[in-house]
Structures are given as structure tokens and as C-alpha cells.
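sequence plus predicted model, see below.
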Amino acid sequence: MTPAGRHYGLDWLRIAAFAMLIPYHVALAFSPWHWIVSSGHAYPALVAPMAALTPWRLGLLFAVSGYAGATLFARAGDAAAFAGDRSRRLLIPLAFGMVAVVPIEMWVRVREAGYARDYFHFWLFDAWTSGTHWGVEFPSWEHLWFLVYLWAYTMIVAGMVAWRRGLAWLDRAAAWLAISRRLLWAPMAVMVAARLALLFVIPERQGLFRDWAGHSQFLTLFLLGFLIARHPPLWRALHRFWRPAALLAMLGGAVTIGVEVAYPGSAMPPHALMAASRAGRSVMAWGMVVTLFHLADAHANRDHRWRRALGQAVFPAYIVHHPAIVLATWCTLPLALAPAAQAAVILTATIATCGATVALARLVPAFGMLVGVAPRAARRGGIAPAIC
């Protein structure tokens with residue numbers, strides 16, 4: 001695959017990774033883990049399958065996003081055009097989401113903490129405060145942190161490619177990784193070492209300027225996706241070593257799942273087990289990326305009449321799905337529904353909200369721009385969706 005080419009298999013991976021987000025976030029409301037709002041039911045049986053997804057689901061999206069970034073850079077022709085295009089396609093939806101979408105979620109948070117005003121009063125007067133209010137930190141990106149991180153990583157790469165030595169360094173790193181088994185073990189070693197070095201030194205908290213543990217994983221995976229797109233020999237390495245990568249992913253996942261099951265919810269494991277769990281997550285993250293990239297290239301790199309429509313739906317559905325789940329969960333609490341019925345209502349409401357948002361984005365180009373849907377002319381030209 002050339003840098004300017006489209007990889008249909010990775011399109012399918014991105015679509016599948018998003019499709020997992022909705023049931024995953026619905027399940028969070030029913031799990032023993034602390035989340036924004038609880039359904040009132042907690043099922044320890046959910047811990048194991050969710051712990052099997054947690055280490056790699058977002059890392060996969062960052063790796064795919066890095067790959068897409070390389071293809072878009074090849075089309076843009078220079079770093080300035082690349083940075084400008086990515087900023088428009090990421091920051092406009094981010095700004096819209098912060099104004100129109102995130103306040104819904106923040107309102108539910110403060111209502112859970114005792115806030116008594118309605119949503120319109122909250123949006124007009126209280127949503128734009130700064131600091132901790134009603135036990136909630138303002139402002140907050142909420143689920144849109146992904147766009148913030150993605151934009152920041154894209155700007156880092158744009159700066160590196162604008163600096164010729166930086167681009168040469170990336171090319172040398174890719175050539176080094178393509179030798180022997182380095183693509184298999186070197187990223188795991190870097191991610192594990194960085195995660196463990198930070199574990200008991202810096203708190204694990206989201207935030208662009210404080211989430212160093214997250215950046216040590218996500219930025220690494222983003223850069224690896226970028227390198228894979230630019231250097232076809234890395235694809236050959238992926239195909240050679242996907243089986244040991246899958247085995248290592250299973251071993252790392254077994255450690256992580258074991259610790260999560262033994263210490264569910266807010267229970268704190270001993271330091272040694274916590275370190276083993278974090279190392280297992282890093283191993284699983286890269287092992288799954290290698291495995292899924294191989295499978296996507298070997299078995300799914302073909303177009304389908306549904307691919308474009310589904311791909312275009314990812315960004316707008318991503319923006320609205322999280323607050324839809326939070327609001328639907330909160331609204332079902334007074335109904336005292338049976339757990340299965342409650343989950344079905346939340347899932348149905350979320351899918352309906354996503355579908356309505358996608359339909360409106362296609363009908364109204366101005367709204368589509370706000371939620372990351374490219375104009376029709378750009379879509380016909382094959383522009384990749386902004387979320388990756």
C-alpha cells in the first residue's frame with residue numbers, strides 16, 4: 001500500500017472499533033467500575049470481557065489514525081497544508097461538541113451531585129465556569145478528549161515532517177523496526193518501560209498536559225501507524241510476526257483480566273500486581289494492533305457498498321453517542337426497569353440518536369461540517385474522515 005493509497009481493511013477496523021464503543025459504554029453503566037452514572041445494577045461478570053477490550057480498543061484507533069495521517073500527508077504535499085486541513089477537520093467538531101454536546105453530559109454529572117437547576121439554566125449560566133463545582137471539574141472535554149489528543153499528535157507529526165531531520169529520523173526508525181523481530185518486541189518494550197516508569201510517579205489522569213501515562217501509549221501507537229503507512233516493509237514484518245503478537249496479546253490480556261477480576265471496581269491491587277497489569281495492557285495493546293492490522297490487510301482490504309456510508313457515520317455518531325448513553329441511563333433510573341429492558345432502552349435510544357445525527361449531517365451540509373462530515377465533493381474525492 002502506497003502512502004497515498006486508501007486501505008479499505010483499516011477503514012473496516014476503524015468502523016468496527018467504533019461499533020464496540022457503544023455496547024462498551026452501555027456496559028460501563030452496568031459494571032462494578034465507577035462511571036459517570038450507574039444504571040443501579042452492577043454485574044461483576046462484565047469485568048472480564050470489558051477488561052479484555054480496555055487495553056487495546058483506543059490504542060487501535062490511534063494506530064489507525066496515524067496510518068490515515070500518513071496517507072493524508074502524502075495527499076496534502078507539505079506539512080503546513082496537512083496541519084491546516086487536520087486542524088479544520090478536528091477542531092471545528094471539537095468546538096461544536098464542547099458547546100452543544102458536552103454540556104448535556106456535564107449537566108447529568110452535576111445533577112447526580114445535587115445540582116437542582118434545569119438544563120437550560122445550566123447551559124446559560126453554569127456550564128462555562130472554571131474549577132470544581134458540585135464535585136465536578138470544569139471545564140471538561142469528556143469523551144472528546146480523543147479529538148484533543150489526536151489533534152495534538154497530528155501537530156507533533158506535522159512539526160516533525162516539516163523539519164527535514166525529523167522526517168529522516170522517522171524514516172530511519174521505520175527502517176530499523178523492519179529488521180528481524182524488532183517490530184514485534186521494540187514497541188512493547190518502549191510502551192511497557194514508559195508505563196512502568198510513570199506508574200507510581202505521576203497520577204493517571206486524563207488531560208492534555210497531565211496524562212503522561214496515556215500519551216506514552218497512544219502517541220507511540222499513533223507514530224507506529226504513521227510509520228507503517230510510509231514504509232511497506234513494515235507490512236511484511238506485521239505479516240511475519242502476527243502469530244507471536246497474538247500469543248503475547250493473549251498472555252498480556254490474561255494478566256490484566258486476572259488482576260481486574262481479583263480487584264474489581266475501586267479495589268486497589270498491591271503495587272506489584274498493578275505494575276503487572278499495566279505491563280500486560282501495553283503488551284496486549286501492541287499485540288492486538290499487529291494482529292488486527294494483519295487480519296485487516298490479509299482478509300478485509302476490499303471495498304463494499306456499505307463501507308463509505310458507515311465510514312462517514314463514524315465521526316458524527318462518535319460525537320453524540322456518549323452523552324446519549326449518559327442521558328438515556330439517567331432518564332431510565334426513575335422507571336425502575338428490569339436490567340435487560342433498561343439496557344435495551346439505552347441502546348435503542350443511543351442508536352436512534354446516532355442515526356438521526358448522521359441523517360441530519362448528510363441533509364444539512366453546514367451541520368455536517370460541525371460534526372465532521374466532509375462536503376459531498378470532498379467525499380467523492382476520497383477524503384478520509386476526520387476522526388482518523
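Cool, the structure landed.

buried ones in whatever helix or strand H321 lives in, by neighbour count?
Remark: H321 resides in helix 307-332, with elements defined by DSSP states H and E. Applying a neighbour-count criterion of 16 or more other C-beta atoms under 10 Å, one finds 310-330, 332 buried in helix 307-332. Every residue, glycine included, has its C-beta placed from N, CA and C.

pLDDT (mean, whole number) over the following helix or strand past that helix?
Moving toward the C-terminus from helix 307-332, the next helix or strand (DSSP H and E) is helix 339-363. Regarding helix 339-363, the rounded mean pLDDT is 97.

contact partners of helix 339-363?
Identification of contacts with helix 339-363 by C-beta atoms under 8 Å, 6 or more residues apart in numbering yields 22-23, 26, 29-30, 39, 41, 43, 312-313, 316-317, 319-321, 324-325, 328-329, 332, 335, 337, 367-368, 371, 373.

who are the packing partners of the very next helix or strand once past that helix?
Going down the chain from helix 339-363, the next helix or strand is helix 365-370, by DSSP H and E. Contacts defined by 3 or more C-beta pairs under 8 Å, 6 or more residues apart in numbering; DSSP states H and E place helix 365-370 against helix 79-100, helix 339-363.

make CSV from those and add distance to L196 and mean neighbour count to it.
Below are the helices and strands packed on helix 365-370 laid out as CSV (distance: least, C-beta to C-beta, whole Å; neighbours: other C-beta atoms under 10 Å):
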stretch, distance to L196, mean neighbour count
helix 79-100, 31, 18
helix 339-363, 36, 16
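
can you list those in TSV and add distance to F293?
Compiled in TSV, the helices and strands packed on helix 365-370 are given as follows (distance: least, C-beta to C-beta, whole Å):
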stretch	distance to F293
helix 79-100	22
helix 339-363	27
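
out of those helices, nearest to G252?
Nearest to G252, of all the helices and strands packed on helix 365-370, is helix 339-363, at 29.4 Å by C-beta to C-beta.

and the strands in this protein?
131-133, 136-138 (DSSP state E).

so what touches the last one?
Contacts made with strand 136-138 from outside it, assessed by C-beta under 8 Å, 6+ apart, are listed as M106, R109, V110, A113, A127, W128, T129, S130, G131, T132.

rerun that using 6 Å as the cut-off
R109, V110, T129, S130 (C-beta atoms under 6 Å, 6 or more residues apart in numbering).

list the contacts of the first one.
Think R109. Contacts for R109 (C-beta under 6 Å, 6+ apart) come out as V136.

same thing but at 10 Å, please
I36, V37, Y115, W134, G135, V136, E137, F138, S140, E142, V326, W330 (C-beta atoms under 10 Å, 6 or more residues apart in numbering).

and what of the last one?
Shown here is S130, whose contacts under the criterion C-beta under 10 Å, 6+ apart are E137, F138, P139.

distance of it relative to S140?
Counting by C-beta to C-beta, to the nearest Å, the gap from S130 to S140 is 11 Å.

also the third one?
Between T129 and S140 the distance is 11 Å, computed by C-beta to C-beta.

and these two? Which one has more around it.
More neighbours surround S140 than the other of T129 and S140, with 17 against 12 (other C-beta atoms under 10 Å).

next one: phi and psi at that one?
As for S140, its main-chain torsions (degrees, to the nearest 10) stand at phi -140, psi 140.

isn't it up against M106?
Yes - contact criterion C-beta atoms under 10 Å: S140 and M106 qualify, at 6.4 Å.

out of the contacts of S130, which end up buried?
When neighbours are counted using 16+ other C-beta under 10 Å, these contain these buried positions: F138.

nearest to Q206, of the contacts of S130?
For those, the minimum distance to Q206 (C-beta to C-beta) is 10.2 Å, reached by E137.

ok, what's across the strand from that closest one?
With DSSP bridges as the criterion, E137 is bridged to T132.

where's it relative to R205, distance?
Separation of E137 from R205 (C-beta to C-beta): 10 Å.

for P203, which non-adjacent residue is spatially closest?
The spatially closest residue to P203, leaving aside those adjacent along the chain, is R210, at 7.7 Å (C-beta to C-beta, 6 or more residues apart in numbering).

nearest to V148, of the contacts of S130?
When the contacts of S130 are compared against V148 (criterion: C-beta to C-beta), the nearest one is P139, at 11.6 Å.

for the closest one, what are its contacts?
Contacts for P139 (C-beta under 10 Å, 6+ apart) come out as M98, V102, P103, M106, A127, W128, T129, S130, G131.

mind listing what's buried in the longest helix belonging to the chain?
Determined from DSSP state H, the single longest helix within the chain is helix 232-262. Burial within helix 232-262, assessed by neighbour count using 16+ other C-beta under 10 Å, is assigned to 234-235, 237-238, 241-242, 245-246, 248-249, 252-253, 255-260.

try stretch 187-202
Applying 16+ other C-beta under 10 Å to stretch 187-202 flags P187, M188, V190, M191, V192, A194, R195, L196, L198, L199 as buried.

looking at it, W163 is touching A79, isn't it?
Yes - under the criterion of C-beta under 10 Å, W163 makes contact with A79 at 8.5 Å.

ok, P264 to M284 distance?
P264 sits at a distance of 19 Å from M284 (criterion: C-beta to C-beta).

for G66, same thing?
Computed as C-beta to C-beta, the G66 to M284 distance reads 18 Å.

what segments of the stretch 151-300 of the chain are helices?
164-177, 182-199, 212-230, 232-262, 271-299 (DSSP state H, counting those that start in this stretch).

buried residues, the first one. List them.
Spelled out, it's helix 164-177. G166, L167, L170, A174, L177.

who touches it?
With C-beta under 10 Å, 6+ apart as the test, helix 164-177 has contacts from 70, 73, 79, 156-161, 163, 182-184, 186-187, 223-224, 226-234, 237.
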